[in-house]
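In: Below is the sequence, then the predicted model.
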Amino acid sequence: MFRLTDFDYHGKTVFLRVDLNSPVRDGRILSDARFRAVLPTVEYLLENGAKVVVGTHQSKPYRGDYVTTEEHAGVLSGLLGRDVEYVEDIFGRCARERIKSLKPGEVLMLENLRFSAEEVEYRPMEDCERTFFVRKLAPLIDYVVNDAFAAAHRSQPSLVGFARLKPMIPGFLMEAEIEALSRAYDTEEGPRVYVLGGAKVGDSLRVAENVLRSGRADFVLTGGLVGQLFTLAKGFHIGDANLEFMERKGLLKLVDRAERILDGFYPRVKTPVDFAVDYKGERVEIGLLSGGKWLLDRLPILDIGSRTVEKYRGILMKAKVIVANGPMGVFEREEFALGTVGVFRAIGESSAFSVVGGGHSIASIYQHNIKGISHVSTGGGAMLSFFAGEKLPVLEAFRISYERFRSRMGGIKDQ
């Protein structure tokens, strides 16, 4: 792949694809974490005289946080200390004329890319290349810089459509993500421990299957809905209330798959030994072999229990490499953050090289000021796809663009 420092950007127009998709309440952005993550790339381009056209998406159609990028431009402007102009257009005449008139060191932010129907579907690179979005903007662009790792598992026009038309270059964030995840995935140093929690059960099963089958994991620790599914697959009854919830979510059909993973890799997949519920307004922990299991028939599981945290901590403290994605429970409620915070603190306190990702995981880390984690990934779904051994469309696009342009680029700096 190219590197950001390979090119001379002075006077060049750069389409910078970032992922500034952020939590929004009442039209206001609640966190600038993703903005800060891409700041080094934006600043580098501006310091080197680029004309920067920023593109990002925000949410999906019909959701409450599906808003314009006007406030995104304001947040980025505040962090940069210079004006970021918002254009209420994506590839129409208004956007194109403004791009043409950009001067070196100026920044423009396009409208929410998902306001364009072409950007909502996943399509092969060839189809993305033929979209109006790409065909209208390509003649105005010299380079494409992609720093949107959190969207790297998607094949959409703004993410892969320019790869064969313009040099496509990873930003500093993208480069750091690829380096950290590759280090964790390819190392042979062990023990290697994967912690899989949260609600992305199907994705987590693919990760578990891949890392166990390929010999990249010594242990897989489970929590959240992932832990509940594996507990059920082990033959434990997790209560009628929780079975009904999993059935509504369509998760019971995954029990057989979880059983096959357990059968094939016993005893390397670890499951909770106790859970926590809200009983009359208080946190109550229930061991799977205790007499209090009747509570699980009535009440939803909200966290792993303290015995499970200690069990997992013992494994994590001996690890050399840790990969974690997803919380252990409903950490948004303070009394049920014990599992997530306990596990993440153990990861931070261990001497392991650690990678933690997923939006909820990141929120918990920052909320509870957890230190010592080697790399906090901005990608949840992208990170899971990477560790599932799947080809990420954006990484493939970098490779294709590099092969196409490396031998005929006059803009590459002398090394």
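Out: Okay, I see it.
In: Next, the buried residues of stretch 74-94.
Out: 75-77, 79, 84, 86-87, 89-91 (16 or more other CB atoms under 10 Å). Every residue, glycine included, has its C-beta placed from N, CA and C.
In: and if you look at stretch 189-197?
Out: Neighbour count says stretch 189-197 has 192-197 buried, by 16+ other CB under 10 Å.
In: Please narrow the residues you listed to those residing in strands.
Out: In strands, defined here by DSSP state E, the members of the buried residues of stretch 189-197 are 192-196.
In: can you give me the helices in the stretch 201-350 of the chain?
Out: For the stretch 201-350 of the chain, applying DSSP state H, counting those that start in this stretch gives helices covering 201-213, 224-233, 240-248, 255-265, 295-298, 306-316, 338-349.
In: can you redo these as a markdown table with mean neighbour count and mean pLDDT?
Out: Below are these laid out as a markdown table (neighbours: other CB atoms under 10 Å; pLDDT from 0 to 100):
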| stretch | mean neighbour count | mean pLDDT |
| --- | --- | --- |
| helix 201-213 | 21 | 98 |
| helix 224-233 | 25 | 98 |
| helix 240-248 | 15 | 97 |
| helix 255-265 | 15 | 98 |
| helix 295-298 | 16 | 94 |
| helix 306-316 | 19 | 98 |
| helix 338-349 | 23 | 97 |
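In: Can you tell me how far the residue lying closest to residue 212 once chain neighbours are set aside is from residue 138?
Out: Counting by CB to CB, 6 or more residues apart in numbering, residue 212 lies nearest to residue 265, which is 4.6 Å off, once chain neighbours are set aside. Residue 265 is 47 Å from residue 138, where distance means CB to CB, to the nearest Å.
In: what about the stretch 51-200 of the chain, any weak spots by pLDDT?
Out: The stretch 51-200 of the chain contains no residues with pLDDT under 70.
In: Correct me if wrong: the residue nearest to residue 212 contacts residue 214.
Out: No - Residue 265 lies out of contact with residue 214 (CB atoms under 8 Å); the separation is 11.5 Å.
In: Please work out how many residues are found near the spatially closest residue to residue 24 that is not a sequence neighbour.
Out: Nearest non-adjacent residue to residue 24, counting by CB to CB, 6+ apart: residue 65, 3.9 Å away. A count of nearby residues for residue 65, using other CB atoms under 10 Å, gives 15.
In: Over to the one 4 residues further on?
Out: By other CB under 10 Å, 26 other residues sit near residue 69.
In: Please name the nearest non-neighbouring residue to it.
Out: residue 112 (5.0 Å).
In: ok, now which ones touch that neighbour?
Out: 56-58, 66-69 (CB atoms under 8 Å, 6 or more residues apart in numbering).
In: Could you do residue 46 as well?
Out: 52, 80, 82, 105, 107.
In: how about the nearest residue to the second one, chain neighbours excluded?
Out: Here the nearest residue to residue 80 in space, its sequence neighbours aside, is residue 42; by CB to CB, 6+ apart that works out to 6.5 Å.
In: and residue 245, what is it in contact with?
Out: With contact set as CB under 8 Å, 6+ apart, residue 245 has these partners: residue 300.
In: now it: how far from residue 239?
Out: For residue 245, the distance to residue 239 - CB to CB - is 10 Å.
In: Count the neighbours of residue 177 for me.
Out: 26.
In: Name the secondary structure element that contains it.
Out: Using DSSP states H and E, residue 177 falls within helix 172-186.
In: among the contacts of residue 112, which ones are buried?
Out: Buried, going by 16+ other CB under 10 Å: 56-58, 67, 69, out of the contacts of residue 112.
In: Going by distance to residue 167, which of these wins?
Out: For these, the residue nearest residue 167 by CB to CB is residue 56; the value is 20.6 Å.
In: Just give the nearest non-adjacent residue to the closest one, would you?
Out: Using CB to CB, 6+ apart, the nearest residue to residue 56 is residue 20, at 4.1 Å.
In: Pull the contacting residues for the one you found.
Out: Residue 20 touches 34-35, 38, 56, 58, 69, 72, 75-76, counting by CB under 8 Å, 6+ apart.
In: That one - that's part of a strand, no?
Out: No - counting by DSSP: H, G, I helix; E, B strand; the rest coil, residue 20 is not found in a strand; it is coil.
In: Could you tell me the model confidence score at it?
Out: We have a pLDDT of 96 for residue 20.
In: Also the one 5 residues further on?
Out: pLDDT, residue 25: 88.
In: and it, how many residues sit next to it?
Out: 9.
In: Quick check on the nearest residue to it once chain neighbours are set aside: phi, psi?
Out: Take residue 25 and drop its neighbours on the chain: the residue closest to it by CB to CB, 6+ apart is residue 65, 7.9 Å away. Dihedral pair for residue 65: phi -100, psi 20, per degrees, to the nearest 10.
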